[in-house]
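**Q** how does the following fold in three dimensions:
(one chain, ligands or ions: 1)
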Amino acid sequence: MHEVSIALGMVDELTRIAHENNAKKVTLIKLKIGKMSGIVTDSLKFAFDAIKLEHPLLLSAEILINEVPLIYKCNECNNSFETDDIYFPPCSKCESYNLEVISGQEQDIENVELEV
Ligand SMILES: [Zn+2]
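**A** Just a heads-up that it's a prediction; the model follows:
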């Protein structure tokens, strides 16, 4: 499962942040996950909650996921539109396929709260 490797990567990153700040534990993690990132947020939460049991630093960490909508901008008419279609739909205004992704590919740790 894709989400397990992402959760493992997060654990490494969080452990590093906690050590850098001499924190006793991580209490809250805010994530930014784009709809187009291919991550199933429920699976990611599930994977993280399982992995954190082996890491005392993360044991009481709660995970909050901010899902970022998928937004395209049309290079022909400058129209921006939100959609659930990850396979480059036509522009909602002029039907051009000359589009770029403005948001929806995020896969970031937005904020971490620590107990020092
Ligand atoms: Zn357009």
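**Q** give me every residue in the protein lying close to the ion.
**A** Contact residues, the chain versus the ion (Cβ under 5 Å from the ion): 74, 76-77, 79, 91, 93-94, 96. C-beta coordinates here come from the backbone N, C-alpha and C atoms, glycine included.
**Q** and the buried ones among those, selectable in ChimeraX?
**A** Buried members of the residues of the chain next to the ion, defined by 16 or more other Cβ atoms under 10 Å, are picked up in ChimeraX with:
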select :74,91
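**Q** and the closest residue to H55 other than its chain neighbours, which of the three is it?
**A** For H55, ignoring the flanking residues on the chain, the nearest one in space by Cβ to Cβ, 6 or more residues apart in numbering is V11 at 6.1 Å. When classified by DSSP: H, G, I helix; E, B strand; the rest coil, V11 comes out as helix.
**Q** list the beta-bridge partners for the residue nearest the centre of the chain.
**A** With the centre of the chain defined as its mean C-alpha position, the nearest residue by Cα atoms, centre = their mean is I33, 2.4 Å away. Under DSSP bridges, the beta-bridge partners of I33 are E67, Q107.
**Q** check it and give its pLDDT.
**A** For I33, the model assigns a pLDDT of 96.
**Q** now P90
**A** P90 is given a pLDDT of 96.
**Q** is it true that it touches S96?
**A** Yes: contact criterion Cβ atoms under 8 Å: P90 and S96 qualify, at 6.5 Å.
**Q** contacting residues around E13?
**A** I109 (Cβ atoms under 8 Å, 6 or more residues apart in numbering).
**Q** the residue nearest to the centre of the chain touches I39, doesn't it?
**A** Yes: at 5.3 Å, I33 counts as touching I39 under the criterion of Cβ under 8 Å.
**Q** identify the contacts common to the two.
**A** In contact with both I33 and I39: Q107, using Cβ under 8 Å, 6+ apart.
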